[in-house]
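*Asks:* Have a look at this prediction, sequence included:
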Amino acid sequence: MKCNVGTLDRVIRAILGLVLLVLPFVITLGATLKWILIVVGLVFLFTAAIGFCPLYLPFGINTCRRQ
C-alpha cells in the first residue's frame, strides 16, 4: 500500500474519527445511527493511522507529499 493520505488529512481524519466515536454516547440517537457513526469513526481513525485511503484510488487523489 502506497501512502496517499497527507499529514493534514490524517489529523483531520483522526479528530473527526474521535468526534464520531464520542458523539453517539453524548447525544440521544437511534441504535442504527449510533452504529453507523461508530463504524465511520473507526474507519477514519484506521485510515489516519495507516496513511492509506482506498476511496482515494479510483479518483486518483493523493494528499501525501512524499512519493
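*Replies:* Structure received. Numbers count the residues shown, from 1 in each chain.
*Asks:* going forward, measure contacts and count neighbours with C-alpha atoms only.
*Replies:* Noted.
*Asks:* does residue 2 really touch residue 50, like I thought?
*Replies:* No: using Cα atoms under 8 Å, residue 2 is not in contact with residue 50; the gap is 9.9 Å.
*Asks:* who has more neighbours, the two?
*Replies:* residue 50 (14 against 11; other Cα atoms under 10 Å).
*Asks:* Residue 64: which element?
*Replies:* Assigned by DSSP states H and E, residue 64 belongs to no helix or strand.
*Asks:* any idea how far the residue lying closest to residue 24 once chain neighbours are set aside is from residue 1?
*Replies:* Leaving aside its sequence neighbours, residue 24 sits nearest to residue 34 (Cα to Cα, 6 or more residues apart in numbering; 5.2 Å). In this view, residue 34 and residue 1 are 31 Å apart by Cα to Cα, to the nearest Å.
*Asks:* is it true that the residue nearest to residue 24 touches residue 22?
*Replies:* No: contact between residue 34 and residue 22 fails when scored by Cα under 8 Å: they sit 10.0 Å apart.
*Asks:* Give me the more crowded residue out of the two.
*Replies:* Between residue 34 and residue 22, counted using other Cα under 10 Å, the more crowded position is residue 34 (18 against 15).
*Asks:* so what pLDDT did the more buried one get?
*Replies:* Looking at residue 34, its pLDDT is 96.
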